[in-house]
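> one predicted model, sequence on top.
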Amino acid sequence: MPPRYAAAILAMGFFSPSADAFSSTIRPATAVPTRLGVISIREPSLAPSPAEEPPKIERIPFDMSGIAMSGLNGKALNILASDYPSQGEVRASIPNECFKVDTVKSLQYLAVSVVGTALCTAAGIGALDYVSPDNMLGNPLTLLFWSAYATVTGTVAMGNWVLAHECGHGAFSKDLRIQDTVGFIIHSIFWVPYYSWQRSHAVHHRYTNHMELGETHVPENGTGSPPESALQKRKKMIDDWGEDTGLSAWGALQAFLHLVAGWPAYLAIGATGGPARGVTNHYWPDPLTPPIEKKYELFPGKWKEKVLKSDVGIATVIGAVTAWGVCNGIGQVNALYFGPLLVVNAWLVIYTWLQHTDVDVPHFGMDDHTFVRGALHSIDRPYDKLDPWGIIDFLHHKIGTTHVVHHFDSSIPHYNAEVATVAVKAKYPELYLYDPTPIPEALWRVCKGCTVVEQRGDRYVWNNKGLEDKIQVDPSLLREESEMGP
């Protein structure tokens, strides 16, 4: 091995090849052992002749220093780029019937969500005469009642959001008029511009866990630890208030910023979107600041007109809500509409954040990201265990327990996703990611620990040096859940 390679490995504990090296043969190498995880060392050489044996991948420990463990226990960091199959190979593992879209079945599931939401709303309207929402902030019991109403109604209404999202993926119906009508109306009610989000969400699927081109929850790159990084801000909180209090305060701040402010901020200014696209707005077709290249514009070509079409739906809903407030008072609007809407938005962020983020799940740069690698870094989680009967998972059409296959091929309807998940897990158990951590604990871990990433080889990893034990869950507490599986 050339001396410069050996020196780099001994000094850093890892080495990541250039893209060209992935087509080369491999020569022996040594490395200093570290904690669990692997990467490969590859050195260029002449291409082998057809008679030669295929090159073998040498696996050496990946540098896990400063990385806290999730319920995955570092599994995502054990996988090399060369371990991933092609898109066609993964698709071939999924039964063909999983791709069949049934309009009647989709409408039946929609009826469950619409009727459930309508019943909750009817109960809320009936309660107006007994618990007036006009002075919620001045009456703790009134605030408690309408907060409980918002939690229940928003949780049920989230099922409508999931099905409208399915319309945007083309997995609701083969009849585009039915599909786009359902998606347009429901998304507009939730103040989401249908076509704008259809485009940005497709980009999110194409570039999952991409550091430059991803959409939503793209982490801050703290390589080199710039003085204004979020990592330094978290450190200041810990220095000022102590490790336990400071870290908890940081986690609470991140929970508020993501669950309450995060979704509106994403729609308005592209918050947590990929930096390559500039500052974006889902209600305006042109970027607010220039992308690094014209080709990275979020709404190119025909999508500009579709953004404006989406605005018609949003303007209609804003007008209706405004008229409602003028006629019946803002208190009623807050209680029956904006409260549940906040809960729907929070559920949306929980799903998108936790399905692609955890303390030991990496992101990738321009040279190392592929569609399959990104999609298979999605994480299935135990949403079916949020309540004793799995009601929430049912109401949300199992979007969180079958998210891996959804990200690999979003044309699979939700009612076929369980079968597809079983097939992918059976074919690629070493690649399929399932974290048994209970959802509240996983969310709290992510709030505290997913702050800033730094580049190590061909990946970007979350740096929690010195705080690992304060962030990660005791593995013994997860053993029983892990054995049960999804």
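Alright, I've got the coordinates.
> show me where the stretch 151-300 of the chain has strands.
Remark: strands assigned in the stretch 151-300 of the chain by DSSP state E, counting those that start in this stretch are 220-221.
> and the helices in it?
For the stretch 151-300 of the chain, applying DSSP state H, counting those that start in this stretch gives helices covering 176-189, 194-206, 230-241, 243-256, 263-269.
> and the ones you listed, which is most packed in?
Scoring those by mean neighbour count under mean count of other Cβ atoms under 10 Å gives helix 194-206 as the most buried, with a mean of 21. For the C-beta atoms, the positions are set from N, CA and C on the backbone; glycine is no exception.
> give the rounded mean pLDDT of that one.
Across helix 194-206, pLDDT averages out at 97.
> packing partners of it?
Other helices and strands packing on helix 194-206, by 3 or more Cβ pairs under 8 Å, 6 or more residues apart in numbering; DSSP states H and E, are helix 140-168, helix 176-189, helix 303-328.
> which residues are contacting it?
For helix 194-206, the external contacting residues (Cβ atoms under 8 Å, 6 or more residues apart in numbering) are 164-165, 168-169, 180, 183-184, 187-188, 213-216, 267, 273, 280, 282-283, 298-299, 303, 306-307, 309-310, 313, 371, 375, 407, 410.
> and the residues you listed, which of them are buried?
Among the contacts of helix 194-206, the ones that count as buried by 16 or more other Cβ atoms under 10 Å are 164-165, 168-169, 180, 183-184, 187-188, 213-216, 267, 273, 280, 282, 298-299, 303, 306-307, 310, 313, 371, 375, 407, 410.
> find the centremost residue of this protein, please.
Centroid-nearest residue in the chain, with Cα atoms, centre = their mean: residue 352, separated by 3.0 Å.
> after the helix or strand where that residue lies comes which helix or strand?
Taking DSSP states H and E as the criterion, residue 352 maps to helix 339-354. On the C-terminal side of helix 339-354, the nearest following helix or strand under DSSP H and E is helix 371-375.
> which strands or helices does the helix or strand that that next one is followed by pack on?
Downstream of helix 371-375, the next assigned helix or strand under DSSP H and E is helix 391-395. Taking 3+ Cβ pairs under 8 Å, 6+ apart as contact, the helices and strands that helix 391-395 lies on are helix 103-127, helix 140-168.
> extract the CA atoms of helix 391-395 and return them as CSV.
Output of helix 391-395 as CSV, limited to C-alpha atoms (Å, rounded to 0.1, in the frame of the first residue of the first chain):
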residue,chain,number,x,y,z
ILE,A,391,-55.4,2.2,16.2
ILE,A,392,-53.1,5.1,15.4
ASP,A,393,-51.1,3.0,12.9
PHE,A,394,-54.4,1.9,11.3
LEU,A,395,-55.8,5.5,11.1
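> circling back: of all the helices and strands packed on helix 194-206, which lies closest to residue 397?
helix 140-168 (4.8 Å; Cβ to Cβ).
> which other residues reach stretch 401-411?
With contacts defined as Cβ under 8 Å, 6+ apart, stretch 401-411 is touched by 90-91, 94, 99, 101, 169-171, 205, 208, 351, 355, 372, 374-376, 378-384, 393, 399, 412, 414, 417-418, 420-421, 424, 432-433, 486.
> out of these, which are buried?
If we count by 16+ other Cβ under 10 Å, the contacts of stretch 401-411 have these buried: 90-91, 94, 101, 169-171, 205, 208, 351, 355, 372, 374-376, 378-384, 393, 399, 412, 414, 417, 420-421, 424, 432-433, 486.
> hang on, residue 437 packs against residue 379?
No - applying Cβ atoms under 8 Å, one finds residue 437 not in contact with residue 379, separated by 9.8 Å.
> rewinding a little: out of the helices and strands packed on helix 194-206, nearest to residue 388?
helix 140-168 (15.3 Å).
> tell me what the closest one is packed against?
helix 103-127, helix 176-189, helix 194-206, helix 339-354, helix 391-395.
> list the contacts for residue 460?
Residues near residue 460 by Cβ under 8 Å, 6+ apart: 211, 219, 221, 223, 362-365, 453-454.
> and it, how far is that from residue 298?
As judged by Cβ to Cβ, to the nearest Å, residue 460 and residue 298 stand 22 Å apart.
> now do the SS call for the closest residue to residue 329 other than its chain neighbours.
Nearest residue to residue 329 in three dimensions, chain neighbours excluded: residue 134, at 6.2 Å (Cβ to Cβ, 6 or more residues apart in numbering). State at residue 134, reduced to three classes by DSSP: H, G, I helix; E, B strand; the rest coil: helix.
> residues in contact with residue 134?
Residue 134 is in contact with 329, 331-332, counting by Cβ under 8 Å, 6+ apart.
> can you turn the buried part of those into a ChimeraX selection?
Only the buried entries of these go into this ChimeraX selection, using 16+ other Cβ under 10 Å:
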select :331,332
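> reformat the contacts of residue 134 as TSV; add distance to residue 70 and pLDDT.
Shown next, in TSV, are those (distance: Cβ to Cβ, whole Å; pLDDT from 0 to 100):
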residue	distance to residue 70	pLDDT
329	46	95
331	42	95
332	43	96
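> measure the residue nearest to residue 259 when sequence neighbours are not counted to residue 339 for me?
For residue 259, ignoring the flanking residues on the chain, the nearest one in space by Cβ to Cβ, 6+ apart is residue 346 at 4.3 Å. Distance, residue 346 to residue 339, using Cβ to Cβ: 11 Å.
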